[in-house]
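Chemist: Got a predicted structure here, sequence first:
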Amino acid sequence: MKRLISIILLLSTVALYAHNPKYQQKATSKPISVIKDNGFYIGLGVGYFDLQNSTINEKLSSSIATAIVGYDLNSYLSIEARYNQGITHLHYKGTTSKILNSAYSNLAIYAKAGYPIKHLKPYILIGYGVNKISNLNGSDRVELSKQYGVGVSYKLNDNISLFADYIRVYNKKGFDGRAVKDNLKAKLITIGATYNF
């Protein structure tokens, strides 16, 4: 009889446990999704290119479009390749102001280090790339250079982020035979969006 009572009590306890809504909720709730901290992403942006000759106070500028391919190694470090192409002819401003039949482009690869703070992620870019100004006084001008910049991104959801950044793409004397003794500085300012896979 005692054995029967013990079995009944055990079965009653199991039945009560199984039908308790508190434990049913735990059993049927979906697992918490894990935030991805690596993977490929692509991006598009628009912005502004500016090359200044501070020695003689001249400037070349144009609007640009940007394409991005990158890979997040983890939450803090990425490798990123960018291609920037002028979408307007270069505007020259110096002793005169005129539109040149010339365009700017840049291809570069960067190490991108950032620190996520909730939805925001400030970051720095350090890399190397090739700058090209096509058809400048009848010749294409090409220069390799170290490139560095800062930016910030804002995560809209798991896949889409907005970003804005500033990159110094050139900081030397001369540009492939042009203004060889002059101090030249070039920058890109870009805003856009990225999509994480």
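Modeler: Structure's in. What do you need? Residues are numbered from 1 along each chain as shown.

Chemist: Whichever strand in the chain runs longest packs against which elements?
Modeler: Secondary structure of the chain per DSSP state E: the longest strand is strand 178-196. Other elements packing on strand 178-196 under the criterion 3 or more C-beta pairs under 8 Å, 6 or more residues apart in numbering; DSSP states H and E are strand 39-53, strand 58-72, strand 139-155, strand 160-175. For the C-beta atoms, the positions are set from N, CA and C on the backbone; glycine is no exception.

Chemist: Tell me which residues of that strand come out buried.
Modeler: 182, 184, 186-190, 192-194, 196 (16 or more other C-beta atoms under 10 Å).

Chemist: So which of these is the closest to I167?
Modeler: Set against I167, the nearest of those by C-beta to C-beta is L188 (4.7 Å).

Chemist: So what pairs up with the closest one in the strands?
Modeler: F49, I167 (DSSP bridges).

Chemist: What does S54 show for phi and psi?
Modeler: Here is the backbone geometry of S54 (degrees, to the nearest 10): phi -80, psi -20.

Chemist: wait, I meant N157
Modeler: Here is the backbone geometry of N157 (degrees, to the nearest 10): phi -160, psi -170.

Chemist: next one: S102
Modeler: When quoted as degrees, to the nearest 10, the phi and psi of S102 stand at phi -150, psi 150.

Chemist: which ones are touching it?
Modeler: By C-beta atoms under 8 Å, 6 or more residues apart in numbering, S102 lies in contact with 89-90, 133-136.

Chemist: Low-confidence regions, this structure specifically.
Modeler: 1-37 (pLDDT under 70).

Chemist: what do you get if the cut-off is 50, keeping everything else the same?
Modeler: For the chain, applying pLDDT under 50 flags the ranges 1, 4-5, 7-12, 14-19, 23-25, 27-28, 31-35.

Chemist: Using the record's domain definitions, break it down for me.
Modeler: Using automatic domain parsing, the domain parsing of the chain gives 1-30, 39-196.

Chemist: quick one, which of the ones you listed is packed in tightest?
Modeler: Comparing the domains of the chain by mean neighbour count (mean count of other C-beta atoms under 10 Å), domain 39-196 ranks first with a mean of 16.

Chemist: gap between the two ends of that domain?
Modeler: One end of domain 39-196 to the other measures 7 Å (C-alpha to C-alpha, to the nearest Å).

Chemist: Return the distance of that domain from the chain's centre.
Modeler: Relative to its parent chain, domain 39-196 has a centroid offset of 11 Å by C-alpha atoms, centre = their mean, to the nearest Å.

Chemist: looking at it, G174 is touching K181, isn't it?
Modeler: Yes: G174 is in contact with K181 according to C-beta atoms under 8 Å; the separation is 6.8 Å.

Chemist: Closest to R168 out of the buried residues of strand 178-196?
Modeler: The closest of those to R168 turns out to be K187 (C-beta to C-beta; 5.4 Å).
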